[in-house]
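S.K.: A predicted structure for the sequence below; I have some questions about it.
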Amino acid sequence: MTTTWILVANASSASIYMNKGPKKGLEKIRTYEHAASREKASDLVSDRPGHYKSAGNGHGAYIPPTDPKQNEAQQFALKLTRDLEQGRTTNEFQRLIIVAPPQFMGLINSNASAVLKGLVTDHFEKDYTKVDERTLAGHLEGCIFL
């Protein structure tokens, strides 16, 4: 019997569901919240960017190298992939399905190892974090028999 994990995520929340085989349904096994991803970018930085002066009357402000909201999303994606890697190494699942918006899907893929990527059988570039289990099951019935 193959155990499938389904990661349903966006930049601020995620859930991992498990399916243990045909007609076994979905079981939510983990829930994550990342409130910092919902904050305004100005609330995520400690102060204004630094300023500089140039020759004459010129001056300006330094631009931060990364967007604070993008940085928070990257940190959340890293946490999720670490948990998925932990589940893989402890052999908790043999198959993985990822459901996430396109930009967040890219962050997850950039943090995942080649072995973890090999376990991904299906991916959906949608945000289903706010749908109930029955609706989610309807969207996934083409790739797992619930």
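M.R.: Sure, I can see it.
S.K.: report the longest helix in this protein, please.
M.R.: helix 68-89 (DSSP state H).
S.K.: what helices and strands are in contact with that helix?
M.R.: Where contact means 3 or more CB pairs under 8 Å, 6 or more residues apart in numbering; DSSP states H and E, helix 68-89 is packed against strand 4-9, strand 13-19, strand 27-33, helix 41-44, helix 102-111, helix 114-119. Where C-beta positions appear, they are placed from N, C-alpha and C, glycine not excepted.
S.K.: can you put these in TSV and add mean pLDDT and mean neighbour count?
M.R.: Converted to TSV, the helices and strands packed on helix 68-89 look like this (pLDDT from 0 to 100; neighbours: other CB atoms under 10 Å):
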stretch	mean pLDDT	mean neighbour count
strand 4-9	96	24
strand 13-19	96	21
strand 27-33	95	12
helix 41-44	49	11
helix 102-111	96	17
helix 114-119	96	12
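S.K.: save the ones you listed as TSV, and put in distance to Gly142 too.
M.R.: Below are those laid out as TSV (distance: least, CB to CB, whole Å):
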stretch	distance to Gly142
strand 4-9	13
strand 13-19	13
strand 27-33	20
helix 41-44	38
helix 102-111	18
helix 114-119	19
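S.K.: among these, which is nearest Ala73?
M.R.: Ranking the helices and strands packed on helix 68-89 by distance to Ala73, with CB to CB as the measure, places helix 102-111 first at 6.0 Å.
S.K.: quick check: angle from the closest one to strand 13-19?
M.R.: 70 degrees (axes from the mean of the first three to the mean of the last three CA atoms, to 10 degrees).
S.K.: tabulate the CA atom coordinates of helix 102-111 in PDB.
M.R.: Extracted in PDB, the C-alpha atoms of helix 102-111 (Å, rounded to 0.1, in the frame of the first residue of the first chain):
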ATOM      1  CA  PRO A 102       2.800  29.200  -9.300                       C
ATOM      2  CA  GLN A 103       5.200  31.600  -7.500                       C
ATOM      3  CA  PHE A 104       5.100  29.600  -4.300                       C
ATOM      4  CA  MET A 105       5.400  26.300  -6.200                       C
ATOM      5  CA  GLY A 106       8.700  27.700  -7.600                       C
ATOM      6  CA  LEU A 107      10.000  28.500  -4.100                       C
ATOM      7  CA  ILE A 108       9.100  24.900  -2.900                       C
ATOM      8  CA  ASN A 109      10.800  23.400  -6.000                       C
ATOM      9  CA  SER A 110      14.000  25.500  -5.500                       C
ATOM     10  CA  ASN A 111      14.300  24.200  -1.900                       C
END
